[in-house]
Structures are given as C-alpha cells and as structure tokens.
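1. coords below, sequence missing:
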C-alpha cells in the first residue's frame, strides 16, 4: 500500500521534471526564434533589391 503510493509519487515527480525540461527546451527555442526575428528586423528591409515584408 504505502510502497505503491511512494512509487506513484516518484513517477509523478519524474513526470514533472520531464515537463519542466520540456518547457525549458520550448523556452529556449522560442527565445532563439525571437532573437532571430529581432536580428531580421534590424537588418535593412531591402535585401537583394526586393522589399522584405516584416511579419510582426
């Protein structure tokens, strides 16, 4: 009884850890995409003679 409850809590904690790591990975990917978007926004809007539309 108690052993199964403890193992269940352990699995719940490991699940929370994986969820947090997933959120961290998602946050890193979004932050890098935001950084790329800012870098693109800072570039001149006319590249190769074509007007580049900034989608923000």
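-> Perfect, thanks for sending it. Worth saying up front: this structure is predicted, and the values here are computed from it rather than measured.

2. which residues sit in contact with residue 11?
-> By C-beta atoms under 8 Å, 6 or more residues apart in numbering, the contact set of residue 11 is empty. Glycine gets a C-beta too; all of them are placed from N, C-alpha and C.

3. Can you tell me how far it is from residue 42?
-> Counting by C-beta to C-beta, to the nearest Å, the gap from residue 11 to residue 42 is 47 Å.

4. ok, now residue 16?
-> Using C-beta to C-beta, residue 16 is found at 39 Å from residue 42.

5. so where do the helices sit in the protein?
-> Assignment of helices within the chain using DSSP state H yields the ranges 2-42.

6. Quick one: low-confidence residue ranges for it.
-> 44-56 (pLDDT under 70).

7. list the contacts for the residue lying farthest from the centre of it?
-> Taking C-alpha atoms, centre = their mean, the residue of the chain most remote from its mean C-alpha position is residue 1, at 39.2 Å. By C-beta under 8 Å, 6+ apart, residue 1 lies in contact with nothing.

8. Distance-wise, check it relative to residue 8.
-> When residue 1 is compared with residue 8 (using C-beta to C-beta), they lie 11 Å apart.

9. What's the local residue count around residue 40?
-> Using other C-beta atoms under 10 Å, residue 40 has 14 other residues around it.

10. cool, and residue 23?
-> 10.
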